[in-house]
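# Structure here, sequence nowhere to be found:
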Ligand SMILES: Cc1cc2nc3c(=O)[nH]c(=O)nc-3n(C[C@H](O)[C@H](O)[C@H](O)COP(=O)(O)OP(=O)(O)OC[C@H]3O[C@@H](n4cnc5c(N)ncnc54)[C@H](O)[C@@H]3O)c2cc1C
């Protein structure tokens, strides 16, 4: 292109050149280095006089500014960053960098390009639906209690407080984020931490009262006596019983990611969630030098994964020698031998130290069901209402925050 582009520019018909690249990398998912393609624009800039633009996971205004200052490109394309936060430029201008809703390369936008409801953003579901999700001041100011500081609860609290409600949020753990904290433990998904920082800054700005390390009970609700309750208690990891498995031989993947459970060197991961959870747990273990085999009950590994994300993930898992077996389930364990069924065939895996369960979530709705007469004030959001991904939880939080 360094030979071709000057000839195109010489035609006099180009005002600028935007340097992108093809293949499965053009819309780069989380885990791809930021600004990895700027060198391509830099190379083209050496050979033409018209302005040259660059692209490629540039989501941080400071990084963009550095590219310009170093004259590596004349303009920085930040499409997805502007979808995640259409006020990015304004907030940057005003020095409110901490308030920018981050683009984390979740790829909801790309996976929705052919969706009947159109494109949107995983962290900002109002994109493409601005009229439907318009923020208007609350008619009557209410006292709102949010139970759970995961994505759904934090988004509900943010939106309700932005509209003028007085919001109190309780989180059982000593930290905000819920499953985002767990999802962020693997190297290539560390950006799942970014929404937590965004919400922390927003909740502080909006004066939401956050109580950490406090599990809400009916007594807590009685004490708070809120006008409305948003139950965002999320999901719990699904379990399963495995005939013959000894104590400590089966652990939950989420506990492994959080460092609360240890595994031996030869590990079988049961990845039944269909998405990122099981496969990224397998990658996490492979990165620690473990020998990992993944059993997937579905016909296709990662059947719910967005395609480019899956392409990158499967490439890495292959490099790390992780074995993926589809249509497979565990029948029993005998000592260190795992007996499996694969379709109508039987098989076994020898010398397995630990079985790691990544089966996805079940709704954590015990408190919701126990609310009794308080139920008519309660609204369930996120995985507590229905198990889904981050986009579904944030959408739920947004909707109730606007309705309440
Ligand atoms: C390893 C892993 C990887 C993932 N990867 C992806 C991905 O790549 N893409 C994607 O879209 N999704 C992914 N997910 C799923 C995504 O993280 C969840 O869908 C989303 O974060 C759920 O948010 P939530 O608020 O509904 O629930 P949760 O995150 O479960 O939050 C619920 C919160 O409520 C708190 N709580 C519960 N009961 C009480 C109580 N009584 N009082 C106070 N607090 C309480 C909990 O402690 C928790 O913090 C992943 C999940 C995991 C575990």
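Good, I have the coordinates. Here the structure is a predicted model, which is why all the values come from computation and not from measurement. Numbers count the residues shown, from 1 in each chain.
# just the helices in the stretch 51-200 of the chain please.
Taking DSSP state H, counting those that start in this stretch as the criterion, the stretch 51-200 of the chain carries its helices at 61-69, 79-84, 88-93, 108-111, 151-162, 179-183, 194-205.
# likewise the stretch 301-404 of the chain?
307-319, 366-369, 390-403.
# nearest to residue 129, of those helices?
helix 390-403 (9.7 Å; CB to CB). (Each C-beta comes from the backbone N, C-alpha and C, glycine too.)
# hang on, residue 125 packs against residue 392?
No. At 9.1 Å, residue 125 does not count as touching residue 392 under the criterion of CB atoms under 8 Å.
# I'd like to know which residues of the protein are adjacent to the ligand.
Contact residues (CB under 6 Å from any ligand atom) of the chain with the ligand: 147-153, 170-173, 178-180, 182-183, 215-216, 232-235, 254, 257, 276-277, 280, 364, 367, 382-383, 388-391, 393.
# List buried residues within those residues.
147-153, 170-172, 178-180, 182-183, 216, 232-235, 254, 257, 276-277, 280, 364, 367, 382-383, 388-391, 393 (16 or more other CB atoms under 10 Å).
# can you list the weak-confidence ranges in the stretch 201-350 of the chain?
Across the stretch 201-350 of the chain, nothing is flagged by pLDDT under 70.
# Over in it, which residue gets nearest the ligand? Let me know.
At 2.1 Å from the ligand, residue 234 is the closest residue in the stretch 201-350 of the chain, using CB to the nearest ligand atom.
# How far away from the center of its chain is stretch 127-143?
Centre-to-centre, stretch 127-143 and its host chain are 24 Å apart (CA atoms, centre = their mean, to the nearest Å).
# Deepest-packed of the helices of the stretch 51-200 of the chain, please.
helix 151-162 (a mean of 28; mean count of other CB atoms under 10 Å).
# For that helix, which outside residues touch it?
Helix 151-162 is contacted by residues 135, 138, 144, 146-147, 167, 169, 171, 176-180, 195-196, 199, 202-203, 206-208, 230, 232, 234, 381-384, 390, 393-394, 396-398, 400-402, 404 when judged by CB atoms under 8 Å, 6 or more residues apart in numbering.
# The ligand versus residue 62, what's the distance?
For residue 62, the distance to the ligand equals 26 Å [CB to the nearest ligand atom, to the nearest Å].
# Next up, the contacts around that residue.
Residues near residue 62 by CB under 8 Å, 6+ apart: residue 97.
# same thing with residue 263?
251, 256, 285, 290, 353, 354, 356.
# For the third one, grab the count of nearby residues.
Read that as residue 285. 25 (other CB atoms under 10 Å).
# outside of stretch 118-125, which residues touch it?
80, 83-85, 101-104, 106-109, 112-113, 126-129, 133, 195, 389-391, 394-395, 398.
# quick revisit: tell me which of the helices of the stretch 301-404 of the chain sits most buried.
By mean neighbour count, with neighbours taken as mean count of other CB under 10 Å, helix 390-403 ranks first of the helices of the stretch 301-404 of the chain at a mean of 23.
# what packs against that helix?
helix 151-162 (3 or more CB pairs under 8 Å, 6 or more residues apart in numbering; DSSP states H and E).
# Return the angle between stretch directions for the helix it packs on and helix 390-403.
Interaxial angle of helix 151-162 relative to helix 390-403 (axes from the mean of the first three to the mean of the last three CA atoms, to 10 degrees): 30 degrees.
# hmm, back to that, would JSON lines of the helices of the stretch 51-200 of the chain with distance to residue 117 be doable?
Formatted as JSON lines, the helices of the stretch 51-200 of the chain follow (distance: least, CB to CB, whole Å):
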{"stretch": "helix 61-69", "distance to residue 117": "30"}
{"stretch": "helix 79-84", "distance to residue 117": "15"}
{"stretch": "helix 88-93", "distance to residue 117": "24"}
{"stretch": "helix 108-111", "distance to residue 117": "12"}
{"stretch": "helix 151-162", "distance to residue 117": "19"}
{"stretch": "helix 179-183", "distance to residue 117": "25"}
{"stretch": "helix 194-205", "distance to residue 117": "22"}
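# Compare those and give me the one nearest residue 327.
Closest to residue 327 of these, according to CB to CB: helix 108-111, at 24.4 Å.
# from the middle of its chain, how far away would that closest one be?
Distance of helix 108-111 from the chain centroid (CA atoms, centre = their mean) equals 12 Å.
# Contacts made by that helix with the rest, please.
By CB under 8 Å, 6+ apart, the surrounding residues in contact with helix 108-111 are 27, 80, 83, 119-123, 127, 306-308, 391.
# Just the mean pLDDT for that helix, thanks.
For helix 108-111, the mean pLDDT works out to 94.
# likewise stretch 89-96?
Stretch 89-96 shows an average pLDDT of 96 in the prediction.
# ok, now stretch 369-386?
Averaged across stretch 369-386, the pLDDT comes to 95.
# which residues sit against it?
148, 150-153, 156, 179, 218, 221, 226-235, 361, 363-365, 368, 392-393, 396-397, 399-400, 404.
# got the domain boundaries for this protein?
Following automatic domain parsing, one gets these domains for the chain: 4-109, 143-236+363-403, 239-359.
# Any buried residues in stretch 217-234, and which?
The neighbour-count check on stretch 217-234 (16+ other CB under 10 Å) flags 220, 221, 224, 226, 228, 229, 230, 231, 232, 233, 234 as buried.
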